[in-house]
Every structure is written in C-alpha cells, then in structure tokens.
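S.K.: task: produce atomic coordinates for the following.
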Amino acid sequence: MKIAILGSGAGGQATAADFALHGWEVAVFDFPEFSKQTEGITEKGGVELTGQIKGLGKVSYAGDDMGRVMKGADLIMLVGPAY
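M.R.: Now for the predicted structure:
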C-alpha cells in the first residue's frame with residue numbers, strides 16, 4: 001500500500017514514520033515554505049522515532065511535488081498543525 005502524507009510537521013512526520021515502520025510505502029508532501037522539514041527527511045532517508053516506537057521509518061520521497069506524492073496513493077493522510 002502506498003500512503004501519501006500531506007504535511008511535514010511533527011504530526012505528519014510521526015504519521016509517516018509509523019506507517020513506514022509497519023511496512024507501507026510512504027511519501028511526504030509539504031509546500032516550499034516548509035522545505036527545511038522535507039529536506040531533513042530526505043537527508044535522513046526517513047523519520048527517526050524514539051520512545052515507545054523506535055526506528056527509522058523510511059520515506060520514498062519528501063518534498064513539494066504534489067503529483068509525485070499523490071501518484072498511485074492508496075491512502076491520503078492530511079495532517080495539519082496542532083495549535
């Protein structure tokens with residue numbers, strides 16, 4: 001299953017890592033204004049979780065190309081900020 005995560009903040013990254021650690025293919029989208037987060041995910045190759053759930057949740061792509069993230073997605077998760 002391919003999962004598209006829309007949002008690269010704390011919630012989006014935690015969601016992406018959890019799905020990836022459960023064996024799903026994950027791609028993360030965010031707008032260019034948030035490239036610092038997506039570039040960090042790309043540099044690490046995923047999102048590192050610590051705590052009760054541990055490990056590197058590998059992400060196939062993180063960036064601002066919506067078409068690439070959405071292409072073939074079986075599930076789309078929109079994860080907004082928690083103010």
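
S.K.: when you work out contacts or count neighbours from here on, use the C-alpha atoms and nothing else.
M.R.: Fine.

S.K.: for the protein, just list every one of the helices.
M.R.: 10-21, 35-44, 66-70 (DSSP state H).

S.K.: quick check: residue 12 touching residue 6?
M.R.: Yes. Applying C-alpha atoms under 8 Å, one finds residue 12 in contact with residue 6, separated by 7.0 Å.

S.K.: these two: which is more packed in?
M.R.: Neighbour count, other C-alpha atoms under 10 Å: between residue 12 and residue 6, residue 6 has more, with 24 against 21.

S.K.: who's the more buried one bridged to?
M.R.: Residue 6 forms beta bridges with residue 29, residue 78, as assigned by DSSP bridges.

S.K.: that older thread, so can I have a markdown table of the helices of the chain showing distance to residue 55 and mean pLDDT?
M.R.: Compiled in a markdown table, the helices of the chain are given as follows (distance: least, C-alpha to C-alpha, whole Å; pLDDT from 0 to 100):
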| stretch | distance to residue 55 | mean pLDDT |
| --- | --- | --- |
| helix 10-21 | 7 | 96 |
| helix 35-44 | 12 | 97 |
| helix 66-70 | 23 | 98 |
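
S.K.: most tightly packed of these?
M.R.: Highest mean neighbour count among these (mean count of other C-alpha atoms under 10 Å): helix 10-21, with a mean of 21.

S.K.: tell me the angle that helix makes with helix 35-44.
M.R.: Angle of helix 10-21 versus helix 35-44, following axes from the mean of the first three to the mean of the last three C-alpha atoms, to 10 degrees, is 20 degrees.

S.K.: give me the helices and strands touching helix 10-21, please.
M.R.: The elements that helix 10-21 packs onto, with contact taken as 3 or more C-alpha pairs under 8 Å, 6 or more residues apart in numbering; DSSP states H and E, are strand 2-6, strand 25-29, strand 46-49, strand 55-58.
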